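1. Here is my input; please provide its structure:
(2 chains)
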Amino acid sequence: MERSEEYIKNERKKEWRVELQKKTKAKDRMSIERVHMTERAPEDRIKSQRIEVNKGLTAEEAMVEATRCMDCVNPTCMEGCPVSINIPKFIKNIERGDFLQAASVLKETSALPAVCGRVCPQEIQCEQRCFYVEKLHQPAVAIGYLERFAADFERESGKISVPQLAESNGIKIAVIGSGPSGLSFAGDMVKLGYDVTVFEALHEIGGVLKYGIPEFRLPNAVVDVEINNLRRMGVKFITNFIVGQTESLDDLKKEGFKAFYVGSGAGLPRFMNIPGENSNGILSSNEYLTRVNLMGADAEDSDTPVLRGKNIVVVGGGNTAMDSVRTAKRLGAEKAMIVYRRSEEEMPARIEEVHHAKQEGIEFSTLTNPIEYIADENGRVKQVRVQKMKLGEPDASGRRRPIPIEGFEYIIDATVVVVAVGVSPNPLIPNSVEGLDVSRWGTIEVVKDKMQSSIPEVFAGGDIVRGGATVILAMGDGRKAAANMNIYLKEKYLSQKVEN
Amino acid sequence: MNKIVEKENFSEKVVKLVVEAPLIAKARKPGNFVIVRVGEKGERMPLTIAGADIKKGTITIIVQKMGVSSTKLCDLAVGDYITDLVGPLGKPTEIHNVGTVLCCGGGVGVAPLLPIVEGYKKAGNKVITVLAARNKELLILEDEIRKNSDEVIIMTDDGSYGRKGLVTEGMEEIIQREKIDECITIGPAIMMKFCALLTKKYEIPTMASLNSIMVDGTGMCGACRVTVGGKTKFTCVDGPEFDAHKIDFDEMMSRLGGYKTEEKDKLDHFQE
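-> The predicted structure is shown next:
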């Protein structure tokens, strides 16, 4: 688990790495063009919610792409990774054809490599810090594609390695929420020898990876393999259990749990509080995606209904908005449209998702903002009144602020409207635990970089702390929390000093 | 867990199930609800808790056959397991000793009313309960309610039992007879709406427990949103009980029909 600079440097000096470094000239490496991901044709893939868009790289493609990587002395890409994956080490393993070893490098620091390879915004993380981008102003090494390749190879090979576990120390730890943050935390803690139990409120493990992100982007089978890995490592999972409701934190303490990690996510969907918003046919992206992804409402034989319609309007510009609008297309919408108040440049969605959405025929109405919903005589939405916007000076987020153009309004027809304008923290844990410091936004306050809350044995991370971020940042929090909880517990219960 | 240990058919469409759920039995309070799911293709469905036995580790739920999911649940037999059962959810009823409380239940709304009636009685209140049903056959839990009430008035639409008339007629008579300090109403939305209008006239603080559409029941989906005092609230985490005088019942009733067409399609498909 040690990730010191010296360790990284020593790894780079290993014989096999030096050999590879010498094998191909820098000039030749740089002359290779970045690999293209093979995708299923838009007209085929929109027929089902369950067909993954990206097909993944072939072994040959992956090895060529891995050759592009310069194995830099100072790998800046790693600074861009919230979980500090040893990027050159895993990529060079791909270059030399040892794909299983590449996967095992990923698993040193990431509990969910096959997930991250698919959903991380690499273009603003590792790949943005790649030598090619920073120094050559050329396309980055396709780190995300390579990560996915290595993780998929391992999974499909059936030779899944279980990371080395420390000897069991018998200390019981509870994880609240089985999303990416909780899973990442659980993975690290079980490796350190703790007895880890994950409590999940829903009937399925995986949190947003299951209810939120659609299978055309992240197949459930991929998530399940990663969850089963954790099971094999000894992590216990309990579904249908809401900490704070089914049993309190104090009850769990009485049952022997010594510390807690809260990764309960950003449950509450935000709405815009505009007239007509509670009309039928207007729903949150959480509801829409949960019905389809978790409850399987896209299938005829599911008991859960979902609203279908001709004209679907999705409000928002993030990944969730893209997921919703592309889901609508797959459920048969003739017209599926994004309505976003800023311009395309400010959209927080991954570039690839916007690109895929456009290929699939999604319409984009940018610089427009809903101001009123108009319902029919049965209370069902039929139209959206939108306000045309323009961009002003940058706001606190650094993006240019949208300003209404007075008097410029018009009507869009809509049979279903999905509101994807963000989420607020789930109030169940903050409300049920006494003595827990909570911000005025409802997020749990933690000591930065330690992820420790105002109650020493309670740590927290992911959206319950950040209020709405990404899978990988949530995972990074889980790792940080695990490292710091380990120090806290070893000192408290085992009288051991631990160097971080 | 989740094993059905007892089943009683109250009527053709209403079933009582006693289910093994020791943790929920221990944690539940009046006003709480659970979410159940039957089968791997099953829908998540909120249901109120009618009672619990901590010693036996069971809870009692009362289900009315409405659509596919409730029918599947009602069709389970003793010894069967409910695929998923989670709770208790929602904020419990705020029960204090306030003096005289008027409790009004209609249809299967009497089920969640029962623990609240028990709670009010235990807290030392004088409890007057008005039960309403379409006919004698559909009246449920009369004995249990009587055990915990100082007075019970029964109203049926067809006069087949108790008195003929609406719940509000029974209520108004009590209100005119003596001072009521607090009122709670649980039943069909239209009934709660008229109960609220009546108690508003007499300025009696009134709570109503809502049965909105939900998916997760933990604050995540927002399907259960309801306008209370001009503000949007989530029934699952902010409720299920709200100040009845502030609820927009017309919007609530409209939202209950938000998936009417889709639900009917599912039911037709199921019955084929």
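
2. Name the residues of the stretch 51-200 of chain B found near chain A, please.
-> B:Val68, B:Ser69, B:Lys72, B:Thr83, B:Asp84, B:Leu85, B:Val86, B:Gly87, B:Pro88, B:Leu89 (Cβ under 8 Å from any Cβ of the partner chain). Just so you know, the C-beta spots here come from the backbone N, C-alpha and C atoms, and that holds for glycine as well.

3. now for these, which pair is the farthest apart?
-> The most widely separated members of those are B:Val68 and B:Pro88, with 24.8 Å between them, by Cβ to Cβ.

4. now the helices for chain B?
-> B:22-27, B:68-74, B:110-122, B:142-147, B:167-177, B:189-201, B:235-238, B:249-256, B:260-271 (DSSP state H).

5. if you average pLDDT over each of these, which comes out lowest?
-> If the helices of chain B are sorted by mean pLDDT, helix B:260-271 sits at the bottom with a mean of 86.

6. How is chain A partitioned into domains?
-> With domains defined by automatic domain parsing, chain A comprises A:5-41+A:52-157, A:172-267+A:425-493, A:269-422.

7. higher neighbour count, B:Val68 and B:Pro88?
-> Using other Cβ atoms under 10 Å in any protein chain shown, the more surrounded residue of B:Val68 and B:Pro88 is B:Val68, with 26 against 23.

8. show me the contacts for B:Val34.
-> Counting by Cβ atoms under 8 Å, 6 or more residues apart in numbering or on different chains, B:Val34 touches B:21, B:24, B:46-49, B:59, B:61, B:85-89.

9. Farthest-apart pair in those residues, please.
-> B:Ala21 and B:Pro46 (15.0 Å).

10. Compare those two and say which one has the larger neighbour count.
-> Using other Cβ under 10 Å as the criterion, B:Ala21 and B:Pro46 rank with B:Ala21 on top: 27 against 22.

11. so the closest residue to the more buried one other than its chain neighbours bridges to which residues?
-> In space, and not counting its chain neighbours, B:Ala21 is closest to B:Ile59: 5.0 Å by Cβ to Cβ, 6 or more residues apart in numbering or on different chains. Per DSSP bridges, the residues bridged to B:Ile59 are B:Val19, B:Ala52.

12. Okay, B:Ile59 and chain A: tell me how far apart.
-> 12 Å (Cβ to the nearest Cβ, to the nearest Å).

13. Pull the number of nearby residues for that residue.
-> Using other Cβ under 10 Å, B:Ile59 has 28 other residues around it.

14. contacting residues for it?
-> Contacts of B:Ile59 (Cβ under 8 Å, 6+ apart): B:Val18, B:Val19, B:Ala21, B:Ile24, B:Ala25, B:Arg28, B:Val34, B:Ile49, B:Gly51, B:Ala52, B:Asp53.

15. What of A:Phe131?
-> A:Met70, A:Cys72, A:Thr76, A:Cys77 are the contacts of A:Phe131 under Cβ under 8 Å, 6+ apart.

16. Which pLDDT value belongs to it?
-> 95.

17. does A:Thr320 belong to a helix or a strand, and which?
-> A:Thr320 belongs to helix A:319-330 when assigned by DSSP states H and E.

18. Other residues contacting that helix?
-> Contacts to helix A:319-330, defined as Cβ under 8 Å, 6+ apart, come from residues A:46-49, A:119, A:212-214, A:216-217, A:285, A:288-289, A:292-293, A:298, A:312, A:314-316, A:336-338, A:340, A:348-350, A:353-354, A:356-357, A:360-362, A:416, A:418, A:420.

19. next one: it to chain centre, how far?
-> Chain-centre distance of helix A:319-330: 16 Å, with Cα atoms, centre = their mean, to the nearest Å.

20. before we move on, back to that, what would the helices of chain B look like in JSON lines with distance to A:Asp477?
-> Putting these into JSON lines (distance: least, Cβ to Cβ, whole Å) gives the following:
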{"stretch": "helix B:22-27", "distance to A:Asp477": "29"}
{"stretch": "helix B:68-74", "distance to A:Asp477": "37"}
{"stretch": "helix B:110-122", "distance to A:Asp477": "39"}
{"stretch": "helix B:142-147", "distance to A:Asp477": "49"}
{"stretch": "helix B:167-177", "distance to A:Asp477": "52"}
{"stretch": "helix B:189-201", "distance to A:Asp477": "42"}
{"stretch": "helix B:235-238", "distance to A:Asp477": "24"}
{"stretch": "helix B:249-256", "distance to A:Asp477": "36"}
{"stretch": "helix B:260-271", "distance to A:Asp477": "38"}
